[in-house]
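**Student:** coords below, sequence missing:
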């Protein structure tokens with residue numbers, strides 16, 4: 001048996017209401033799985049974006065990959081060459097080193113899924129949320145400071 005395996009592993013079932021809700025700068029991140037659940041392999045979230053909200057300006061991850069899947073509404077995605085509008089069923093793979101960003105330029109609420117591999121970037125959202133709850137203003141400088149801790153730079 002490999003050291004990190006449990007003697008009798010079981011799948012993890014998460015009910016619709018189970019997860020960690022982190023509201024950051026107008027984006028509701030509902031993490032269904034985090035590093036704590038997956039031994040750091042990946043994290044999985046459903047996020048909600050109201051019309052006119054910028055989820056993330058263009059940036060680049062150097063330590064993890066990020067995959068977006070649109071469930072409802074329209075998500076405007078920066079794909080390194082410009083912006084594209086993505087509707088339900090669209091998938092964007094932002095692997096390490098690729099510039100990307102997203103916003104809701106539409107008129108209806110957008111719901112999408114995001115998968116991070118390996119896990120850990122949920123810590124960025126936790127830190128920003130905690131700073132704002134403590135009275136910090138969300139500025140580009142604040143976000144850059146926190147992103148830097150997670151090997152992420154502006155594009």
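**Tutor:** Here it is on my side, so go on. As the structure is a computational prediction, the values presented were derived from the model and not from experiment.

**Student:** before we move on, what SS does the nearest residue to residue 89 once chain neighbours are set aside have?
**Tutor:** Counting by CB to CB, 6 or more residues apart in numbering, the nearest residue to residue 89 once its immediate chain neighbours are dropped is residue 70, at 6.8 Å. C-beta coordinates here come from the backbone N, C-alpha and C atoms, glycine included. Classification of residue 70 by DSSP: H, G, I helix; E, B strand; the rest coil places it in strand.

**Student:** what comes into contact with stretch 37-54?
**Tutor:** 4, 12, 19, 25-35, 55, 71, 73, 75, 101-122 (CB atoms under 8 Å, 6 or more residues apart in numbering).

**Student:** what does stretch 61-68 give?
**Tutor:** Counting by CB under 8 Å, 6+ apart, 75, 77, 86, 91-97, 100, 102, 112-121, 150-153 sit against stretch 61-68.

**Student:** mean confidence score for it?
**Tutor:** Stretch 61-68 shows a mean pLDDT of 96.

**Student:** Would you mark the buried spots in that stretch?
**Tutor:** Neighbour counts over stretch 61-68 (16 or more other CB atoms under 10 Å) mark 61, 64, 65, 66, 67, 68 as buried.

**Student:** Equivalent analysis for stretch 77-96, please.
**Tutor:** In stretch 77-96, counting by 16+ other CB under 10 Å, buried: 77, 78, 79, 86, 90, 92, 94.
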